[in-house]
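Visitor: Quick one, structure for this:
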Amino acid sequence: MTRITVRPHAELCPEGRVIEAKPGVSLCDALLANGIEIEHACEKSCACTTCHVIVREGIDSLDEAEEKEEDMLDKAWGLEANSRLSCQVIVREDDLVIEIPKYTINMAKEGKRE
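Guide: Predicted coordinates for the structure are as follows:
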């Protein structure tokens with residue numbers, strides 16, 4: 001099992017959490033399975049940025065982001081060099097430390113249209 005440390009997030013996990021996940025599952029699925037209700041407005045199809053996370057430790061153990069993910073990340077609030085979409089990150093053997101940004105851009109939820 002891979003250990004994933006989630007830094008505190010005011011709404012989703014105020015105290016932070018340490019969870020375990022089987023290698024091969026998406027980071028988004030691992031979070032959801034452990035009660036961390038990260039948004040995933042596009043149903044994990046890499047069509048939005050609501051599941052944006054920042055990988056603080058362990059980024060080198062992950063596959064590189066594909067072009068579609070990179071294009072979506074360009075629209076994310078609080079983008080950093082280690083930003084990823086959790087629906088696209090496949091957990092490997094190495095432990096991870098992640099941070100869920102304070103804000104997310106969810107056009108559907110906010111009633112906005114493109």
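Visitor: wait, what's in contact with the residue nearest the centre of the chain?
Guide: By C-alpha atoms, centre = their mean, the chain has its centre lying nearest to Ser86, at 2.9 Å. Residues near Ser86 by C-beta atoms under 8 Å, 6 or more residues apart in numbering: Ser26, Leu27, Cys28, Leu31, Ile38, His40, Cys51, His52, Val53, Ile98. To be clear about C-beta, it is placed using only N, CA and C from the backbone, and glycine gets the same treatment.
Visitor: The third one and Glu37 touch, don't they?
Guide: Okay, so that is Cys28. No. Applying C-beta atoms under 8 Å, one finds Cys28 not in contact with Glu37, separated by 10.8 Å.
Visitor: which parts of the helix or strand hosting Val53 are buried?
Guide: Using DSSP states H and E, Val53 sits within strand 52-57. Across strand 52-57, burial judged by 16 or more other C-beta atoms under 10 Å covers His52, Val53, Ile54, Val55.
Visitor: would you turn those into a markdown table with distance to Cys13?
Guide: Compiled in a markdown table, these are given as follows (distance: C-beta to C-beta, whole Å):
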| residue | distance to Cys13 |
| --- | --- |
| His52 | 16 |
| Val53 | 12 |
| Ile54 | 15 |
| Val55 | 16 |
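Visitor: farthest-separated two in the residues you listed?
Guide: His52 and Val55 (10.8 Å; C-beta to C-beta).
Visitor: Need the residues touching each of the two.
Guide: With C-beta under 8 Å, 6+ apart, His52 and Val55 have common neighbours Ser83, Arg84.
Visitor: For Thr104, report the pLDDT, please.
Guide: The confidence metric pLDDT takes the value 82 at Thr104.
Visitor: do the one 4 residues further on as well
Guide: The predicted local distance difference test score for Ala108 is 46.
Visitor: higher neighbour count, Cys28 and Glu37?
Guide: Cys28 (21 against 10; other C-beta atoms under 10 Å).
Visitor: Quickly note the distance from the residue nearest to the centre of the chain to Arg92.
Guide: Per C-beta to C-beta, to the nearest Å, Ser86 is found 14 Å from Arg92.
Visitor: With that, I have no additional questions.
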